[in-house]
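**Student:** I'll drop the sequence and a predicted model, then ask my questions.
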Amino acid sequence: MDLIGERFLKAGGYFFYRLIYKLGGDLMKKLLLSVTVAAFFQVTAFAQMGGMQIEGKEVAGNDDVVFHQIDEHTWVGTGHMTSNESLYLVEGDIKAVLIDAGTKIADLDKIVASITAKPVMLVATHAHPDHTGSAINYFPELYIAPGDAASQFIANYKGKIRELKDGETIDLGGRALEVIFTPGHTPGSTTFIDKEAGYGFSGDSFGSGNLLLFGNFSTFLATCQKTSAIMEKYGIKFLYPGHYFGKNVETKQRIDDEAAICKDVLAGKVKGEENTSGMMGLNRIITAHGVRINYSDASVK
């Protein structure tokens, strides 16, 4: 067993490590090098929340994913490999957008087609393979922010990579999603906001309650302030996260709390506890305001 596996086992992540290890080959290596090996922390963070029940009618799925209806033209897909990795189908009058593609979902294109007859545009909140897994190859194009467009995790994608622009609008016909770059978790982390509906989709940008900060606190602070201002201006009630458990949406208050943590860290008022089991160099952890931020010493700038 390699060093990553040993450290993860010490953190209590045996189940997830063995699951990933069984995948084998290049996929295993990519997953072991990604935040997916930190899934144990996600489960721990939400176990105390009670039932991890996704509300809404079940409409489609297979052994890899189950889709539930959020509202008349919006659905959430729940994957089973990496701590409820979440994907969202957003439909307009002309086309639909699929936000993220899970870790490994067979026939995802067929499942989506059973829900909507509209042409589907695939976008990614970021490049980590629990969001851009093998199912991206069912789609001819993948839209992603420039910061993650060159990621090793999508290097073998068979289709065409298209770069999103910060502030652009994706017109679905009678419905629109605004693209908001929200770096911190990764350089290309992105949030998609439906102003009319009053909600959005943020992937792992704010951590689903347990942020893995691979960037720095200054960048993440700017992201929090930018997003909070947009939510205030347009009355955005919450953002659906990348690991949705039914009760852990990202609210403006949570984002403001994370901004406050950033300020305290940068001012030297707060220093996280040492985390000897931290993955991928995230050797410190702060627990405050009901969230956790995992980071490295190099992130304090």
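**Tutor:** Nice, thanks for sending it over.
**Student:** now do the strands in the stretch 151-300 of the chain.
**Tutor:** 160-163, 169-171, 176-181, 190-194, 199-203, 210-212, 238-241, 250-251, 273-274, 284-288, 291-295 (DSSP state E, counting those that start in this stretch).
**Student:** deepest of those, which one?
**Tutor:** Scoring these by mean neighbour count under mean count of other CB atoms under 10 Å gives strand 199-203 as the most buried, with a mean of 27. The way it works is simple: take the backbone N, C-alpha and C, and place the C-beta from them, glycine included.
**Student:** contacts only, for the residue nearest to residue 273 when sequence neighbours are not counted.
**Tutor:** Excluding its sequence neighbours, the residue lying closest to residue 273 (CB to CB, 6 or more residues apart in numbering) is residue 285, at 5.7 Å. Counting by CB atoms under 8 Å, 6 or more residues apart in numbering, residue 285 touches 272, 273, 275, 278, 292, 293, 294, 295.
**Student:** likewise for residue 109?
**Tutor:** Residue 109 sits next to 120, 135, 138, 139 when contact means CB under 8 Å, 6+ apart.
**Student:** need the phi and psi values for it.
**Tutor:** Backbone torsions for residue 109, taken as degrees, to the nearest 10, come to phi -60, psi -40.
**Student:** any idea how far it is from residue 87?
**Tutor:** 12 Å (CB to CB, to the nearest Å).
**Student:** over to residue 220?
**Tutor:** Counting by CB to CB, the gap between residue 220 and residue 87 amounts to 24 Å.
**Student:** again, but for residue 268
**Tutor:** According to CB to CB, residue 268 stands 39 Å off from residue 87.
**Student:** now swap in residue 67 and tell me
**Tutor:** With distances taken as CB to CB, residue 67 is found 9 Å from residue 87.
**Student:** which one's more surrounded, the two?
**Tutor:** Neighbour count, other CB atoms under 10 Å: between residue 67 and residue 87, residue 87 has more, with 29 against 24.
**Student:** list the beta-bridge partners for that one.
**Tutor:** residue 77 (DSSP bridges).
**Student:** that one contacts residue 111, doesn't it?
**Tutor:** No: counting by CB atoms under 8 Å, residue 87 stays clear of residue 111, with 10.1 Å between them.
**Student:** joint contacts of those two?
**Tutor:** Taking CB under 8 Å, 6+ apart as the criterion, residue 87 and residue 111 both touch 65, 77.
**Student:** what about the strands in the stretch 1-150 of the chain?
**Tutor:** Counting by DSSP E, counting those that start in this stretch, one finds strands in the stretch 1-150 of the chain at the ranges 58-61, 65-71, 74-79, 86-91, 96-99, 120-123, 141-144.
**Student:** could you dump the second one to PDB, C-alpha only?
**Tutor:** Extracted as PDB, the C-alpha positions of strand 65-71 are listed here (Å, rounded to 0.1, in the frame of the first residue of the first chain):
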ATOM      1  CA  VAL A  65     -26.600   7.500  -9.900                       C
ATOM      2  CA  VAL A  66     -30.100   8.400  -8.900                       C
ATOM      3  CA  PHE A  67     -31.800  11.600 -10.100                       C
ATOM      4  CA  HIS A  68     -34.400  13.400  -8.000                       C
ATOM      5  CA  GLN A  69     -36.600  16.400  -9.100                       C
ATOM      6  CA  ILE A  70     -35.800  19.700  -7.500                       C
ATOM      7  CA  ASP A  71     -38.500  21.600  -9.300                       C
END
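**Student:** report the inter-axis angle for that strand versus strand 86-91.
**Tutor:** Between strand 65-71 and strand 86-91, the angle comes out at 50 degrees (axes from the mean of the first three to the mean of the last three CA atoms, to 10 degrees).
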